[in-house]
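Colleague: sequence and predicted structure are below.
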Amino acid sequence: MEAIKNQYIPKKIKIIEVKEETKDVKTFKFQFLSQEENRFNFKPGNFNLLSKLGAGEAAFSLTSDSEEGNYFENTIRKVGRVTSTIFNMKVGDILGFRGPFGNGWPLSKAVGMDLVLIAGGLGLAPLRPVIYHISKHRSFYGSVDILYGARTPMDMIYTNEFKLWQEIPDVKLELTVDVVPNGVSWKHNVGVVTTLFKNIRAKPDSSVVMMCGPEIMMKFASELLLRMEFPKENVYVSLERRMRCGVTKCGHCQIGPKFVCRDGPVFSLAEIWPLPDVIE
Ligand SMILES: Cc1cc2nc3c(=O)[nH]c(=O)nc-3n(C[C@H](O)[C@H](O)[C@H](O)COP(=O)(O)OP(=O)(O)OC[C@H]3O[C@@H](n4cnc5c(N)ncnc54)[C@H](O)[C@@H]3O)c2cc1C
């Protein structure tokens, strides 16, 4: 008899690599302990829950190549109980995994269109699988503009991959930071991410926008995109509301009638505009 698959029971995974991105952000590479679970696939924009007994469970965007299968990655910022516990873990340590969850980015809808990817800080994590996907299926899409902003140059993640991304045909990567500390060299833009919007090549009526970052950034960026006449139906945001159960039972991630875990995390502005204000 086949065992009943219970989505509340975590599967065991082990850390196989840890990369320091910034002083409070690390990217962890994982594999399932059970060989049967490997060949794991997900959709760009999906997320998973990681748990550690005694610390709790938290949601993280799947950030590796979704077609890779032999491993997956999460990029984690240390903010509280669960994330600090994981932050101190090493290669070989074991965690619990549930997922993948969520609807993912609208990549099928975007076929034949230009793409604009907009990220703030750690918001680049759920967009990285989109960039892997574009590089593998380049002919599916038109021009690709990636606009990435962070507080300072030292807060940028995946910096060692920027050169590779720029080598993908017709992909333009634009970088900006809020502040350049004294003594730090920076050759790109200074200002909030919306200051890069004048460089967007995509035409509003034939492009899909995918955006993730702090909610306050997404609010101002969405307002500007709407003024630039990008249709609400083609502007997508990934919301990282506080989440607990991941399966619509607890209500922590609810926004009006929508649950981020069930209906999201990716929503078009047509579904959720005006964006709810920043998390309290
Ligand atoms: C769909 C989704 C995807 C996510 N992807 C990532 C990711 O790729 N990388 C990553 O580092 N984090 C991600 N998060 C956020 C992550 O889940 C939280 O940072 C985590 O739950 C914090 O757990 P903790 O126990 O360490 O913090 P807690 O001890 O619960 O809280 C510590 C502090 O962080 C604040 N906080 C907790 N959760 C959030 C949140 N969601 N947004 C803003 N502030 C919060 C609390 O108010 C408190 O001030 C994602 C969340 C969701 C819902």
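Modeller: Structure received. Model, not experiment: these values are computed from the prediction.
Colleague: domain ranges for this structure?
Modeller: 11-101, 114-272 (automatic domain parsing).
Colleague: ends of the first one, how far apart?
Modeller: According to Cα to Cα, to the nearest Å, domain 11-101 extends 14 Å from its N-terminal end residue to its C-terminal end residue.
Colleague: and it with the ligand, contact?
Modeller: Yes: using Cβ under 6 Å from any ligand atom, domain 11-101 reaches the ligand at 47, 56, 58-61, 74-77, 79-83. No exception for glycine: its C-beta is placed from N, CA and C like everyone else's.
Colleague: which of the residues you listed sits closest to residue 249?
Modeller: Residue 249 has its nearest neighbour among the residues of domain 11-101 next to the ligand in residue 59, at 14.3 Å by Cβ to Cβ.
Colleague: can you report how many residues lie near whatever residue of the chain ends up closest to the ligand?
Modeller: Of all residues in the chain, residue 80 sits closest to the ligand, at 2.1 Å by Cβ to the nearest ligand atom. Residue 80: 11 surrounding residues under other Cβ atoms under 10 Å.
Colleague: ok, back up a step: mind putting the domains of the chain into TSV with mean pLDDT and distance to residue 107?
Modeller: Output for those, formatted as TSV (pLDDT from 0 to 100; distance: least, Cβ to Cβ, whole Å):
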stretch	mean pLDDT	distance to residue 107
domain 11-101	93	6
domain 114-272	93	6
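Colleague: am I right that residue 30 sits in a strand?
Modeller: Yes: counting by DSSP: H, G, I helix; E, B strand; the rest coil, residue 30 is part of a strand.
Colleague: pairing partners for it in the sheet, please.
Modeller: In this entry, residue 30 is beta-bridged to residue 15, residue 72, by DSSP bridges.
Colleague: next one: residue 189
Modeller: For residue 189, the beta-bridge partners under DSSP bridges are residue 176.
Colleague: any idea how far it is from residue 85?
Modeller: 36 Å (Cβ to Cβ, to the nearest Å).
Colleague: looking at these two, which is more packed in?
Modeller: Per other Cβ under 10 Å, whichever of residue 189 and residue 85 has more neighbours is residue 85, with 19 against 16.
Colleague: follow-up on the earlier one: now do the residue of the chain closest to the ligand against residue 43, distance only.
Modeller: Residue 80 is 28 Å from residue 43, by Cβ to Cβ.
Colleague: where does the residue nearest to residue 148 when sequence neighbours are not counted sit relative to residue 75, distance-wise?
Modeller: In this structure, residue 148 finds its nearest non-sequential neighbour in residue 119, 4.9 Å apart by Cβ to Cβ, 6 or more residues apart in numbering. Separation of residue 119 from residue 75 (Cβ to Cβ): 12 Å.
Colleague: same check on residue 34?
Modeller: Taken as Cβ to Cβ, the span from residue 34 to residue 75 is 24 Å.
Colleague: in terms of neighbours, single out the busier of these two.
Modeller: Using other Cβ under 10 Å, the more surrounded residue of residue 34 and residue 75 is residue 75, with 23 against 10.
Colleague: run through who's touching the host helix or strand of that one.
Modeller: Under the criterion of DSSP states H and E, residue 75 resides in strand 72-77. For strand 72-77, the surrounding residues in contact (Cβ atoms under 8 Å, 6 or more residues apart in numbering) are 21, 24-30, 40, 42, 48, 50, 60-64, 83, 86-87, 122, 125, 128, 157.
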